[in-house]
Structure formats: C-alpha cells, structure tokens
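>>> One predicted model, sequence on top.
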Amino acid sequence: MTSSLHSTSSRLSVLPRPINSRSLESITRGNEFAAKPRPYGAVMQTPTLPEAVNYHLNKNCNFRCKGCYATFDEDPSVRGVMLPQKQMFSIVEAIAAAPLPPGKMARKLTFAGGEPTLCPWLPDLIAHAKACGLVTMVVTNGSRCTLDYLRRVAPVLDWLTVSIDSTDAETNRAIGRHDAKGQPLSAEAYSQILAEAAMLRLRTKINTVVNRINHREDMSGFIADSGIDRWKVLQVMAVEGQNDAHMDLLSVTRAEFDAYVARHHRVAEARIRVVPEPVASIRGSYAMIDPHGRFFDSSAGYHTYSTPILDSGVIPAFAQVSFDRMAFEQRGGSYDFTGRGTLEWSGDVQLFTTHLNA
Ligand code: SF4
C-alpha cells in the first residue's frame, strides 16, 4: 500500500466517541461482564498496529453458535457483505505495510468470520498475505476443512485454528455449534482435521469458549491427544448486539471459568500451551477488522467501528478504536508465532499457573 496510509502518523487523534443508546447495564452480569471504561472524547497518541490482527471477512456462517461475538447483527449494513477480492487484497497489503511495534519482527494476520472458508478466494487471500510477508492463520469451525482444502492452503498457511467447545454432540447442539440441519462435528472429525493439518506441517490451535452448557465438562484427554501447539480457553463474553440475547443461557462466573481451566491442568503437562482468557483480559485486547474493512473493538461492551481502512488509511482508522496493548500482552497475545512444525516447549505450565494465581 502507499505511504499515504501513514501520512497522519505524527498527529494526535481526537476521538469523538458515540455513546450507545442502550445501557451497558443490560449486558452486565456482575464483575465478569463489566465493560472497561471507555475514553470518550479522549486524546490518544497515534497507535502502533499490534503484531496480531484479526480480519473478519464475512458475517456468513454455516453454524449457529449462540455465543458468537461476530454476528454483526446490530449493523444491517454488514449483512451479506463480502468485499471484492481486490479490496481484500488491498487491506492485507495495508496491514502488512503498517509499522511493527518496537522489537517485533513479524505480524500475524488471522482470517476469521463468520466462517472464512465460505469466502471463495480465501486460499488466494492467504497466499497474498503470505507474499506480503505476513504470518497467516485461519480460524474455522472445521466443517469445510477437507483434506483437499487443507492441501490447497497448506503451502501458504502457517496456523490452523479450529473452534471446538465440546466433543459431545448434545452439548454442541445446545450451544448451537452445528450446521443448519442440527449436525455438529464429531470428536473423530475434529481429531482428523487436526491430524491432517499437522501432517501438512501446519501449526494448530484450538479455541474453546467456556459457557454454562459446557463448563462442567472435561476435554483433557481429547486436547492432550490432539497434538496441537496452543489451546486458547475463553470465558464466554457478552457483546451487546452480537450475543447478549443468549447470555442468560451461556454466562459463567470467573470462578466457574477458573474451575474449568484448573480441571484441564493435564493439558499443560502435555506440552500444549494453554492460554486462558477470562472476560477481563479479552475486552479491548484484540485488533479486529470487520467485513466492511473497518477496525472494530468491543471494549465498551458493544462494537464500535472505525471508518474503512481503504478510505482513511490503516493507522488513522486504527486510531479510531480502542486497543489496550498491556492487556494484549498480559493475555499472551504477543508470542512467537513464526515458523512451522512443532513448537519448542516454552514454559506453558508457568503461564497456566500464573493465570490460576491471578
Ligand atoms: S462457527 Fe464461529 S463464526 Fe460461526 S456462528 Fe460459531 S462462533 Fe460464530
């Protein structure tokens, strides 16, 4: 992308903050769901784009997860939106061209959705990101990850993340992690995807959202045997306009979340990096792009969007949303995601223990 993307990089940004008309009280459930204070009208230094960015390509998904925080249902303009391939390529170029934080050598771009494999040119987009020097990751529900598809993307994909909340079919049905016919993926299907990805020398990760339906389960054996590099365990988080209608069914307390993490201590002993993310560490700690090509954040408990990156430039657009660098680092967002194949053992038990003592 052109240098004009960074033409305002030395200025201070004054951010008018739209105050959402609905009360945040409507989505709070005690401390676990308390939104971070938002700097309305704050003067902020021009930010540096972090080394990890998530690009939600589309809102479309073939699954029906009730806890999904990227439905974009509150913004009808997002419905059915998928930018043309050329514009997606331009956004990828802009992300790659943005200066890295001091001391960082690479940036990871994660393609998410919706279900990103529903984007017909996702393989080309991954290849373009790779050609731009980015580390590439896809977060998928796994339903379209055939061996043929994995073989197609493997030469340019560094990481495959599969979202797995449970290995129990009934639990997945209750969560909504199933297709339009009510069919979830089986534990065997998940295992096969991860094994095939590993065979193709992709680094693999599982994302699990802990909620009221699955929080008493124990996936230790499945996770420990999965051969993955990293297991991210997230406390289900209410985001107004995305999933808050289901929070009575899904919400768990911090204590329940911690109990779930503690129950899975054996996973860390299996040399899988366990990354627990309670709600308090999620809000404001992700750099995210929506299907319109706008940055967005949910630090106030609902989505706030920037102007489109392709209109404003990547840094001026990023300056319009909240990003908490310290929270990003504290949740383990800054890690060595470069390279392929097996990760070196790097103190997983310590991270795990640190969380439990926090
Ligand atoms: S699979 Fe992912 S994108 Fe699709 S509904 Fe579930 S959480 Fe949302």
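Nice, I can see it.

>>> Need the per-residue pLDDT for Thr28.
On the pLDDT scale, Thr28 is placed at 32.

>>> Same check on Ser23?
33.

>>> ok, which stretches of the stretch 51-200 of the chain are helices?
Using DSSP state H, counting those that start in this stretch, the helices of the stretch 51-200 of the chain run over 85-97, 122-131, 147-153, 169-175, 187-199.

>>> in the first one, what counts as buried?
For helix 85-97, the buried set under the neighbour-count rule, 16 or more other C-beta atoms under 10 Å, comprises 88-97. For the C-beta atoms, the positions are set from N, CA and C on the backbone; glycine is no exception.

>>> Quickly name whichever of these is closest to the ligand.
Distance ranking of the buried residues of helix 85-97 against the ligand, using C-beta to the nearest ligand atom, places Met88 first at 17.6 Å.

>>> quick one on the thing from earlier: could you point out which of the helices of the stretch 51-200 of the chain sits nearest the ligand?
Among these, if distance is taken as C-beta to the nearest ligand atom, the winner is helix 169-175, at 8.5 Å.

>>> For burial, what's the neighbour tally of the spatially closest residue to Leu83 that is not a sequence neighbour?
Leaving aside its chain neighbours, Leu83 sits nearest to Gly293 (5.8 Å; criterion: C-beta to C-beta, 6 or more residues apart in numbering). When neighbours are counted by other C-beta atoms under 10 Å, Gly293 registers 23.

>>> And for Asn141?
24.

>>> do the same with Arg144
Count around Arg144 with other C-beta under 10 Å applied: 13.

>>> Give me the pLDDT for the nearest residue to Gly332 once chain neighbours are set aside.
In space, Gly332 comes closest to Val275 once its chain neighbours are excluded; the distance is 4.8 Å by C-beta to C-beta, 6+ apart. Note on Val275: pLDDT of 95.

>>> which secondary structure elements does whichever strand or helix holds Val275 contact?
Taking DSSP states H and E as the criterion, Val275 maps to strand 273-277. On a contact count with 3 or more C-beta pairs under 8 Å, 6 or more residues apart in numbering; DSSP states H and E, strand 273-277 meets strand 230-235, helix 254-263, helix 348-357.

>>> Mind exporting the C-alpha coordinates of the helix or strand just after it to PDB?
Sequence order places helix 279-282 as the next helix or strand after strand 273-277, per DSSP H and E. The C-alpha coordinates for helix 279-282 follow below in PDB (Å, rounded to 0.1, in the frame of the first residue of the first chain):
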ATOM      1  CA  VAL A 279     -13.600 -11.700  30.000                       C
ATOM      2  CA  ALA A 280     -11.500  -9.100  31.800                       C
ATOM      3  CA  SER A 281      -8.500  -9.900  29.600                       C
ATOM      4  CA  ILE A 282     -10.400 -10.200  26.300                       C
END
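
>>> wait, Gln85 sits on Asp124?
Yes: under the criterion of C-beta atoms under 8 Å, Gln85 makes contact with Asp124 at 7.0 Å.

>>> Partner strands of the strand holding Val275 and their direction?
strand 230-235 (parallel) (DSSP bridges).

>>> from the chain's centre, how far out does the partner strand sit?
10 Å (C-alpha atoms, centre = their mean, to the nearest Å).

>>> Near the ligand, which residues of this protein? Just list them.
Within the chain, the residues that sit near the ligand (C-beta under 6 Å from any ligand atom) are 61, 63-65, 68, 70, 113-115, 141, 163.

>>> hang on, the earlier thing: please identify the most buried of the helices of the stretch 51-200 of the chain.
helix 122-131 (a mean of 20; mean count of other C-beta atoms under 10 Å).
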